[in-house]
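Trainee: my questions concern the predicted model and sequence given below.
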Amino acid sequence: MSSTLLQVIAGGLLLGAVYALFSSGLTLVWGMMNIVNFAHGDFVMLGMYVAFVVWTLFGAGPWAGAPLAVLVLATLGVVVYFALIRGIMKGPMLAQILGTFGLALLLRYSVFWWFGANFSSLPENLVGGTLEFAGLRIQASRLLAGAVALVVTLGLHFLLTRTALGSKMLAVAEDSTAAQLMGIRPDSMQAIAWAIAAGATGLAGALIATFFYIVPTVGETLGIVAFVTVSLGGFGSVPGALVAGLLIGVIESLSAYLIGAVYKDMVVYALFLGFLWFRPQGLMGRA
Amino acid sequence: MNFKRVVGLVPTFRSSCPTSAGTFHELRKVKGTSKLMMLVPLFHLKFLDGIRSARCRNFKWAALVCAASVSVALAGSAFAQQKTVKIGAILPLSGGAASAGEHTKAAIEVALDIINNAHAEFGNFPLAKNAGLAGLGGAKVEVVFGDSQGSPATGQNQALRLITEEKVAAMIGSYQSGITLTTSAIAERYGIPFINGESVAANLTERGFKWFFRTTPIASDIAKIDFDFLTDMKAAGIKTDTVAIVHDTTEYGVSVANVITSAFKEKGREIALDIPYAINATDVQSQILQLKEKKPDVVIMIAYTTDAILYQKTMQALDYKPTILMADDSGYSDPSFVKAVGKISLGVLNRSSWSIGPAGSPTALIADMYKKKTGYDMDDTTGRAMQAFFVLCDAIDRAGSTEPAKIQAALKATDLKPDQLMMGYKGIKFDEKGQNILASSLIIQLQDGENYVAVWPKGSSDKTPMLPYKGW
């Protein structure tokens, strides 16, 4: 295998890990309460801006920016849950769609209004530049994002399947009335789910900011990929999102390199639709 | 802005809910400098009809709509009445190209300041000396902005709104060639003069339109200057044998790439590698790896800002440097591109018709005013759009009327000399297709990572090209 092809695959895997990273929050909310969060891409954008502000004010890298982004976004997640989601969950489906869509626009244009439409970027060597081994060039920032994606996915999976809190959350997801009878408060469980989901998304944003451009509309670009990743992985399946993210990343990179960049979306979405035809619940979703 | 119309929406929920998208566009228009503009997009949904079908059960929504309408209406000064000339401008004020749109909007506002107020320091620069348009008894020019959101369809709707509801006398816009294509088609249908200063796709002036005028150099001019520059570099001993073009698949990207390819072919040179990609990519590693493998000497980049930044970041990450990296304006001219990745794009070449000129000259004054307003340096794309606006206002001034047909006739008769322009064109004179035949540009280079400087042709530049491409 030529070294270029290896580089393409390595790049695809790292890209896929990033896709997985910013999809995990979406899949959690989707699986927990059947709400499609259209503001998800804009949560990523906010995480990016937190990292950017931390860097401009204090010159600090993601070591400071990422934890702060988690904190800010988790808080926002709880606020959004109580102020918006709890209300619209009782409403018709249309209200849910409009609610989070409106939130997306509100967030996007608030940032737009405050920071302007200009593109920003963090310095290239904020996370240790580029590593080189065996002829491969790997950006340290992408490697970090990939590693964190793995940790976050495993952590979320562990939380949901191995802890009491996770069991309670799943119980609420399955049947909130029954859970209530067992002494679980659906409200606090769902607020926690939103905090975790938004926090993970903020973390993703802060890490992506180290190698992507930062602009108020970046959520549009990233949001779509997150939706595809989640539906391919299976709604609500955290490990599914990881596998799907990696798959999409590698397929995108390979098809862009072998067939042509302009065809990569065609290839990815054709395979995606074909796959859903045979397995509509996604890779690891519940049937 | 009709104040009554907005207030009329308020009293009942029933009337406030089916608020048409058009009304919200009007709200956006009067928003002016109001900070409330952040609320407006909330309602700017295609789903508004959906809300109606939800029967306005949700009191909160209705209340919010009412509150927003009232405060926005109050924020706008709806009462000032004065003789004005209304011009419609359609720009991408949101969406991926919003940065370019906002810069152009700021430039038009600077131009309005120059036109509407007396600026003796500008000397003989057209329209600057006295306040307002002398040809219309000192009438002030007012610009109504429409947001295309970076979409040809939305741009078209906006054009329709500006013409039918705002009754603009003439139009300007719309940055992306693909959007200029649709907005100018509406103006053509309604017989409203449309001027464009920044879209370069060749076919825009090949449609037999009678109301469309364009001041910028276009794809064929670009192809020629690129070719001449490369020939000159080759004579200077720099390897320019193989050329690759990387371009997006928008109207602009495809048109410029095609024209460059065929122009090179005519002169006996093949483009070795053509890499099209879809705009707003999340990743461009594969494209850079393709280039790295094929090793072309010259890479021509035709990309909007989003992708341009990503390409430069990825080139650095994958350690890729062609001998010559030439960009075609757009993304690479965006001031925020230079701020974001200028330091890892040392030596990228670009084309431009803008140069600041000596202190005290009209161009230097404009550059100052623009920098004061935005905090950014004037760039070529913004300058070209601003130039078109001046040309349009000059025509209206000469027409002495806001009648579309008279403005059209005045535009046709335009004959501006280089010293009456802010851009470095050889003049402005339209052919029967509406294309400026005197447009020209220079090759500029980002040598220090902060400012582009003119490097070619020799006579009109103060620096020499720094080659090969340095990167970072």
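Mentor: Yes, it's here.

Trainee: quick one: mean pLDDT for the helix or strand encompassing B:A364?
Mentor: Using DSSP states H and E, B:A364 sits within helix B:362-374. Mean pLDDT, computed over helix B:362-374, is 93.

Trainee: equivalent analysis for stretch B:239-257, please.
Mentor: The average pLDDT for stretch B:239-257 rounds to 92.

Trainee: about what we covered before: for the helix holding B:A364, output the C-alpha coordinates as CSV.
Mentor: What follows is helix B:362-374, C-alpha atoms only, in CSV (Å, rounded to 0.1, in the frame of the first residue of the first chain):
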residue,chain,number,x,y,z
PRO,B,362,-9.1,59.7,-2.4
THR,B,363,-8.2,56.0,-2.2
ALA,B,364,-6.1,56.6,1.0
LEU,B,365,-9.0,58.6,2.4
ILE,B,366,-11.5,55.8,1.6
ALA,B,367,-9.1,53.2,3.1
ASP,B,368,-8.9,55.3,6.3
MET,B,369,-12.7,55.7,6.6
TYR,B,370,-13.2,52.0,6.0
LYS,B,371,-10.6,51.0,8.5
LYS,B,372,-12.1,53.4,11.1
LYS,B,373,-15.5,51.9,10.6
THR,B,374,-14.6,48.2,10.5
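
Trainee: so what touches that helix?
Mentor: Helix B:362-374 is contacted by residues B:103, B:106-107, B:109-110, B:113-114, B:119, B:121-123, B:125, B:128, B:354-358, B:376-378, B:382, B:386, B:422 when judged by C-beta atoms under 8 Å, 6 or more residues apart in numbering or on different chains. Every C-beta, even on glycine, is put in place using the N, C-alpha and C of the backbone.

Trainee: name the helices or strands packed onto the following helix or strand past it?
Mentor: Sequence-wise, the next helix or strand downstream of helix B:362-374 (DSSP H and E) is helix B:380-399. If contacts are counted by 3 or more C-beta pairs under 8 Å, 6 or more residues apart in numbering or on different chains; DSSP states H and E, helix B:380-399 sits against strand B:84-91, helix B:98-116, strand B:170-173, strand B:194-196, helix B:330-333, strand B:349-352, helix B:404-412.

Trainee: surely A:G16 and A:V243 touch.
Mentor: No. With contact defined as C-beta atoms under 8 Å, A:G16 does not reach A:V243; the gap is 9.1 Å.

Trainee: quick one, which of these two is more surrounded?
Mentor: The neighbour comparison of A:G16 against A:V243 (other C-beta atoms under 10 Å in any protein chain shown) goes to A:G16, with 26 against 20.

Trainee: how about the residues of the stretch 151-300 of chain B near chain A?
Mentor: With C-beta under 8 Å from any C-beta of the partner chain as the criterion, the stretch 151-300 of chain B meets chain A at residues B:249, B:275-278, B:280-287, B:289-290, B:292-293.

Trainee: which of the residues you listed count as buried?
Mentor: Among those, those buried by neighbour count (16 or more other C-beta atoms under 10 Å in any protein chain shown) are B:275-278, B:280-287, B:289-290, B:292.

Trainee: of the residues you listed, which belong to strands?
Mentor: Among those, the members found in strands (DSSP state E) are B:I275, B:P276, B:Y277.

Trainee: could you look up the SS state of the residue nearest the centre of chain B?
Mentor: Centroid-nearest residue in chain B: B:Y175, 3.4 Å away (criterion: C-alpha atoms, centre = their mean). Per DSSP: H, G, I helix; E, B strand; the rest coil, the local secondary structure of B:Y175 is coil.

Trainee: cool, B:I179 as well?
Mentor: Under three-state DSSP, the three-state class of B:I179 is helix.

Trainee: surely it meets B:Q149?
Mentor: No. Taking contacts as C-beta under 8 Å, B:I179 lies outside contact range of B:Q149: 9.4 Å.

Trainee: who has more neighbours out of those two?
Mentor: Between B:I179 and B:Q149, B:I179 has the larger neighbour count (other C-beta under 10 Å), namely 30 against 22.

Trainee: so who does that one touch?
Mentor: B:I90, B:P92, B:S148, B:G150, B:S151, B:P152, B:G155, B:G173.

Trainee: in ChimeraX, how would I select the buried members of the residues you listed?
Mentor: Buried subset of the contacts of B:I179, written as a ChimeraX selection, criterion 16+ other C-beta under 10 Å:
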select /B:90,92,148,150,151,152,155,173
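
Trainee: mind checking which of the contacts of helix B:362-374 are buried?
Mentor: B:103, B:106-107, B:109-110, B:114, B:119, B:122, B:125, B:128, B:354-355, B:376-378, B:382, B:386, B:422.

Trainee: give me the buried positions along the lengthiest helix in chain A.
Mentor: For chain A, the helix reaching the highest residue count under DSSP state H is reported as helix A:3-33. By neighbour count with 16+ other C-beta under 10 Å, helix A:3-33 contains the buried residues A:7-33.

Trainee: thinking again about what came up before, contact partners for the residue nearest to the centre of chain B?
Mentor: Counting by C-beta under 8 Å, 6+ apart, the residues that B:Y175 touches are B:L91, B:P92, B:A97, B:A100, B:G101, B:T104, B:S148, B:E198, B:S199, B:T381, B:A385.

Trainee: which of those residues lies closest to chain A?
Mentor: Among those, B:G101 lies closest to chain A (C-beta to the nearest C-beta), at 7.0 Å.

Trainee: hmm, that closest one is touching A:F112, no?
Mentor: No. In this structure B:G101 lies outside contact range of A:F112 using C-beta under 8 Å: 11.4 Å.

Trainee: neighbour count: those two, which is higher?
Mentor: Using other C-beta under 10 Å as the criterion, B:G101 and A:F112 rank with B:G101 on top: 28 against 21.
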